[in-house]
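1. Provided below are the primary sequence and the corresponding predicted coordinates.
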Amino acid sequence: MASHIAQGFSTFDAYKEAKTYRYEAMLYSKEENIGKRQDYIHHFYQLWKYL
């Protein structure tokens, strides 16, 4: 979110973009979860450092 503000986004737009990235990461981690017997939140936190 700080990088979006540094690029000139308003606080509201930066928050909206951050929520979008988080949502897409959660969907991706849920897809990667197929057959692994772990919930998608676990995989989301594993992928968080790459966002």
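-> Everything's here; your move.
2. longest helix of this structure?
-> Longest helix in the chain, counting residues (DSSP state H): helix 11-32.
3. which secondary structure elements does that helix sit against?
-> Secondary-structure packing of helix 11-32 (3 or more CB pairs under 8 Å, 6 or more residues apart in numbering; DSSP states H and E): helix 2-6, helix 40-47. Backbone N, C-alpha and C define where each C-beta goes, glycine included.
4. quick one: buried residues of that helix?
-> Neighbour-count burial for helix 11-32 flags 14, 18, 25, 29 (criterion: 16 or more other CB atoms under 10 Å).
5. one step back: lowest average pLDDT across the helices and strands packed on helix 11-32?
-> Between those, the lowest average pLDDT goes to helix 40-47, which shows a mean of 59.
6. where in the chain is pLDDT low?
-> 1-2, 4, 30-51 (pLDDT under 70).
7. now with 80, please.
-> Along the chain, the model assigns pLDDT under 80 to residues 1-7, 9, 25-51.
8. residue 9 is in contact with residue 17, isn't it?
-> Yes: counting by CB atoms under 8 Å, residue 17 is a contact partner of residue 9 at 6.9 Å.
9. now residue 29: how far from residue 17?
-> Distance, residue 29 to residue 17, by CB to CB, to the nearest Å: 19 Å.
10. coming back round to it: how about the longest helix of the chain as PDB, C-alpha atoms only?
-> What follows is helix 11-32, C-alpha atoms only, in PDB (Å, rounded to 0.1, in the frame of the first residue of the first chain):
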ATOM      1  CA  THR A  11      -5.200   6.600   0.200                       C
ATOM      2  CA  PHE A  12      -8.600   5.100  -0.800                       C
ATOM      3  CA  ASP A  13      -7.300   4.000  -4.200                       C
ATOM      4  CA  ALA A  14      -4.100   2.500  -2.600                       C
ATOM      5  CA  TYR A  15      -6.300   0.500  -0.100                       C
ATOM      6  CA  LYS A  16      -8.600  -0.700  -2.900                       C
ATOM      7  CA  GLU A  17      -5.600  -1.900  -4.900                       C
ATOM      8  CA  ALA A  18      -4.100  -3.700  -1.900                       C
ATOM      9  CA  LYS A  19      -7.400  -5.400  -1.200                       C
ATOM     10  CA  THR A  20      -7.500  -6.500  -4.900                       C
ATOM     11  CA  TYR A  21      -4.000  -8.000  -4.700                       C
ATOM     12  CA  ARG A  22      -4.800  -9.700  -1.400                       C
ATOM     13  CA  TYR A  23      -8.000 -11.200  -2.900                       C
ATOM     14  CA  GLU A  24      -6.300 -12.500  -6.000                       C
ATOM     15  CA  ALA A  25      -3.500 -14.000  -3.900                       C
ATOM     16  CA  MET A  26      -6.100 -15.800  -1.800                       C
ATOM     17  CA  LEU A  27      -7.800 -17.200  -4.900                       C
ATOM     18  CA  TYR A  28      -4.500 -18.300  -6.300                       C
ATOM     19  CA  SER A  29      -3.500 -20.000  -3.000                       C
ATOM     20  CA  LYS A  30      -6.900 -21.700  -2.900                       C
ATOM     21  CA  GLU A  31      -6.300 -23.100  -6.400                       C
ATOM     22  CA  GLU A  32      -2.800 -24.300  -5.400                       C
END
